[in-house]
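**Q** give me the fold of what follows.
(3 chains)
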Amino acid sequence: MDNILESKKICKSYLNKKALRGVDLNIIPGKIVGLLGPNGSGKTTFLKIAAGILHQSSGEIIIDGQIPGVYTKSIVSYLPDNEYLLKWMKIKDAVRYFKDFYSDFDEIKAKELLVFMNLDENSTVKSLSKGMKEKLKLTLVLSRKAKLYILDEPLGGVDPTAREKILNAIVNNFSAESSMIITTHLVNDIERIFDEVAFISDGEIVLKGNAEELRMDRKMSIDELYREVFK
Amino acid sequence: MFKLIKYELRATFLTIIGICTTVIIANLFLMTKKNSWNSETVIGLSGCLIIGAIIVIFISSLKIMSKYLHEDSGYLLFTLPQSGKSILTSRLITALIQISIVVLVSFLMSYLTLTDEISFSSFFENIKFNLAIYYLISYIWMIVSSLTIIYFCMIMGKVALKGKKIGKVGTFIIFIILSMVISWLSFKLITVLPQTLNLSDFSINTNYNALDTALSTSSGGFIINIAQTIFNIIIFIGLFISSSFLIDRKLDL
Amino acid sequence: MDIEFNDKMPIYLQIIDLIKMDIVIGKLKSKDKLPSMREMAMNLNVNPNTLQRSYQELERLGIVYTQRGTGTFVGEGKDLVDDLKREMAKEVIESFILRMRSLGFTNNEIIKYVSKETMEVKQNG
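**A** Residues are numbered from 1 along each chain as shown, chains lettered A, B, ... in the order given. As a prediction, the model looks like this:
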């Protein structure tokens, strides 16, 4: 099966640091991959490169057979770890926006998800709490029928009940034709969703494998494994 | 692309309304004072309003691009499946629309303030069609080309010098250097190739006159320097394509 | 459904145990349709691929069978429930015996304690 994402020796250097030192990661369709590591390990940098808003210093990254550009942006649904929604919009404006620009956007699904997340489409983005903003961002991102979903800390700053809903929405969104790459440091809550995990430290992948196999081999949860790898 | 224009106009809706309202109210105020104050004062203030409004909206156009490049909202824009060309074109067209609205409202209000007339017949009688087209094109050209140069500098600043604060100072420096280079080349070009084109009768003139500016109008006729105009057009296209390229391939958020 | 999974063990194995349990206690009877993999994944907040692995393994063990397009169903064997019951009991007893031995009890002591405690341990309502 062809990889949806293929990265070979991706490096990214800044003036004073090397954010990525050669990341090799391949993802086939139908998988949910966890990219796990502490702050500053390079997770967000890698995701931004896959999303096309950052460019690598060296190395190759191919998404669905193409380098990051207009095409890949149309099949990649990216959830960044910041407040990127336009503040003048109401929720229904944001839905319209996504519908206008993404041909794979499913408005019906978006409306269902909004109900599921208890969001009122007439509220303004400005008036939402942090947790509600996260839920809205996720709603918009998951309502697209993308080939690759890139979620950067989807559970960040969200209370436990909201986390359940978010996890549920992610699981429900799963399809055999698309894949997801999710970063988080709340490994405990989310580890059951991962097919595969890759541990990234200081810009390099130090361990990767199938989640269930790692559990069997190491006789510990992915959360415990995380602690061990990064102690 | 048109969707981008639609959303940008909606986003800056309040700004435009704000500027226009201010201009309208200020002009109404002037109208009431027309008879009590010096006519020169009234004309002067009215003129200031126009200039002020244009400056505000122009700076607003720059701020929008700055926000895209340096703030989180850029993530939303640059993850859209839109090419750099498309983003840039829609930004220029939107800016043109926004500036034009403000310009129209400002001029209209000043006209009303100064003449008290609501008829435009005298205005339209004196307009020669060619002249109007020429002014229109010059106007569009001025806005679009100056914005393109500044946007190029902003994008280049962001690409070359990662940090935000450094980026803005860098932008300014790049702009100064670029402007000087372009002006210098432009001047050299006029001295080397002084052929001018008279747009009223399409005659070509080879008189070298150091006092001629690139675009000048002189009683009924208007003359442009061919080489310089072509040069300006090429620079504009070059900067536009470079900016699009930078957005697509080099922009790091 | 808020099942407490032990993340130290492969989840697909724990799901298999859950289903076996349901069959043994009669919650799932022969020819009953199992919830779809997707549905179960949603309920448990677990990766659907994991469910697939569980269902495939159950099928390999002969406990369930799949009908294309219709779903997965509990097997029909008459002895199915009994076999499962015995198998699960064996697992429980084996680990119990090992633990008791590690506490220092001899086999006779273990049997004596079990007889005594079965009288005393309260029935789960």
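
**Q** three-state assignment of residue A:231?
**A** coil (DSSP: H, G, I helix; E, B strand; the rest coil).

**Q** can you count the residues close to it?
**A** The tally of other residues near residue A:231 (other C-beta atoms under 10 Å in any protein chain shown) stands at 5. (Glycine included, C-beta is placed from N, CA and C.)

**Q** that one and chain B: what is the separation?
**A** Distance of residue A:231 to chain B, given as C-beta to the nearest C-beta, to the nearest Å: 32 Å.

**Q** let's check: the centremost residue of chain A is which one?
**A** Central residue of chain A (C-alpha atoms, centre = their mean): residue A:151, 1.5 Å from the mean position.

**Q** that residue reaches residue A:141, doesn't it?
**A** Yes. Between residue A:151 and residue A:141 a contact is recorded at 7.1 Å, counting by C-beta atoms under 8 Å.

**Q** what sits in contact with each of those two?
**A** Counting by C-beta atoms under 8 Å, 6 or more residues apart in numbering or on different chains, the common neighbours of residue A:151 and residue A:141 are residue A:79.

**Q** run through chain C and note the low-pLDDT ranges.
**A** C:1-3, C:122-125 (pLDDT under 70).

**Q** just the helices in it please.
**A** C:11-24, C:37-44, C:48-60, C:80-103, C:107-120 (DSSP state H).

**Q** for chain B, same thing?
**A** Going by DSSP H, chain B shows helices at B:2-11, B:13-33, B:39-70, B:73-78, B:84-115, B:121-125, B:129-160, B:164-192, B:226-245.

**Q** could I get these as CSV with mean neighbour count?
**A** Below are these laid out as CSV (neighbours: other C-beta atoms under 10 Å in any protein chain shown):
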stretch, mean neighbour count
helix B:2-11, 16
helix B:13-33, 15
helix B:39-70, 17
helix B:73-78, 20
helix B:84-115, 19
helix B:121-125, 9
helix B:129-160, 17
helix B:164-192, 14
helix B:226-245, 17
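
**Q** on that earlier part again, quick one, which of the helices of chain C is nearest to residue B:231?
**A** helix C:48-60 (61.9 Å; C-beta to C-beta).

**Q** list the buried residues in the closest one.
**A** Within helix C:48-60, the residues that qualify as buried are C:48-55, C:58, counting by 16 or more other C-beta atoms under 10 Å in any protein chain shown.

**Q** please point out which parts of stretch A:96-112 sit buried.
**A** Result for stretch A:96-112 [16+ other C-beta under 10 Å]: buried residues A:96-99, A:101-102, A:105-106, A:109-110.

**Q** could you pick out which of those are near chain B?
**A** A:97, A:101-102 (C-beta under 8 Å from any C-beta of the partner chain).

**Q** ok, so of these, who is nearest residue B:131?
**A** Nearest member of those to residue B:131, counting by C-beta to C-beta, is residue A:101, at 41.5 Å.

**Q** which regions of chain A lie under the pLDDT threshold?
**A** Those would be A:1, if you go by pLDDT under 70 across chain A.

**Q** repeat the analysis, applying 50 as the threshold.
**A** Applying pLDDT under 50 to chain A flags no residue at all.

**Q** same check, this time on chain B
**A** Checking chain B against pLDDT under 50 turns up B:210, B:214-215, B:217-221.

**Q** residue B:239 and residue B:154 touch, don't they?
**A** No. Assessed by C-beta under 8 Å, residue B:239 is found out of contact with residue B:154, at 11.5 Å.

**Q** so which residues on chain A come close to chain C?
**A** Chain A comes close to chain C at residues A:30-32, A:164, A:167-168, A:171-172, A:174, A:188, A:191-195, A:212-213, A:215-216, A:219-224, as judged by C-beta under 8 Å from any C-beta.

**Q** among these, the buried ones, what's the PyMOL command?
**A** Remark: buried members of these, expressed as a PyMOL selection using 16+ other C-beta under 10 Å:
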select buried, chain A and resi 30+31+32+167+168+171+172+174+191+192+193+194+195+212+215+220+221+222+223+224
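
**Q** for chain C, which residues are neighbours of chain A?
**A** C:5-12, C:38, C:41-42, C:44-50, C:53.

**Q** show me what whichever strand or helix holds residue A:149 pairs with in its sheet, parallel or antiparallel.
**A** Using DSSP states H and E, residue A:149 falls within strand A:148-152. Strand A:148-152 has its sheet partners listed here by DSSP bridges as strand A:76-79 (parallel), strand A:179-184 (parallel).

**Q** tell me the helix or strand right after it.
**A** helix A:160-173.

**Q** packing partners of that following helix?
**A** helix A:107-116, helix A:130-142, strand A:179-184, helix A:187-190, helix C:37-44 (3 or more C-beta pairs under 8 Å, 6 or more residues apart in numbering or on different chains; DSSP states H and E).

**Q** to residue A:39, which of these lies closest?
**A** strand A:179-184 (10.6 Å).

**Q** and the closest one, how far out from the chain's middle?
**A** 4 Å (C-alpha atoms, centre = their mean, to the nearest Å).

**Q** and it, what's buried?
**A** Buried residues in strand A:179-184 (16+ other C-beta under 10 Å): A:179-184.

**Q** do stretch C:78-87 as well
**A** Applying 16+ other C-beta under 10 Å to stretch C:78-87 flags C:80-81, C:84 as buried.

**Q** intersect these with the contacts of chain B.
**A** Near chain B, by the rule C-beta under 8 Å from any C-beta, you find none of the buried residues of stretch C:78-87.

**Q** nearest residue to the residue of chain B found nearest chain C other than its sequence neighbours?
**A** Closest residue of chain B to chain C, C-beta to the nearest C-beta: residue B:79 (26.1 Å). Nearest-residue entry for residue B:79: residue A:78, 5.2 Å, with adjacent residues in sequence omitted and distances by C-beta to C-beta, 6 or more residues apart in numbering or on different chains.

**Q** just checking, the one you found touches residue A:51?
**A** Yes. Contact between residue A:78 and residue A:51 holds when scored by C-beta under 8 Å: they sit 4.1 Å apart.

**Q** common neighbours of the two, please.
**A** Counting by C-beta under 8 Å, 6+ apart, the residues touching both residue A:78 and residue A:51 are A:150, B:79.

**Q** what's near enough to touch residue C:59?
**A** By C-beta under 8 Å, 6+ apart, the neighbours of residue C:59 are C:65-66, C:72.

**Q** before we move on, back to that, list just the nearest of the ones next to chain B among the buried residues of stretch A:96-112 to residue A:71.
**A** residue A:102 (12.8 Å).

**Q** look up phi and psi at whichever residue of chain C sits closest to chain A.
**A** Proximity of chain C to chain A (C-beta to the nearest C-beta) peaks at residue C:7, 3.3 Å away. In terms of degrees, to the nearest 10, the main-chain angles of residue C:7 are phi -70, psi -10.

**Q** how close does the nearest residue to it once chain neighbours are set aside sit to chain B?
**A** Among residues not flanking residue C:7 along the chain, residue A:221 sits closest, at 3.3 Å (C-beta to C-beta, 6+ apart). For residue A:221, the distance to chain B (C-beta to the nearest C-beta) stands at 33 Å.

**Q** is residue B:147 in contact with residue B:98, as I believe?
**A** No. Using C-beta under 8 Å as the test, residue B:147 is too far from residue B:98 to be in contact (11.0 Å).

**Q** shared neighbours, the two?
**A** residue B:61.

**Q** returning to that earlier point: wait, which of the helices of chain B is closest to residue C:111?
**A** Nearest to residue C:111, of the helices of chain B and by C-beta to C-beta, is helix B:73-78 at 68.5 Å.

**Q** distance of the residue nearest to residue B:79 from residue A:132?
**A** Computed as C-beta to C-beta, to the nearest Å, the residue A:78 to residue A:132 distance reads 20 Å.
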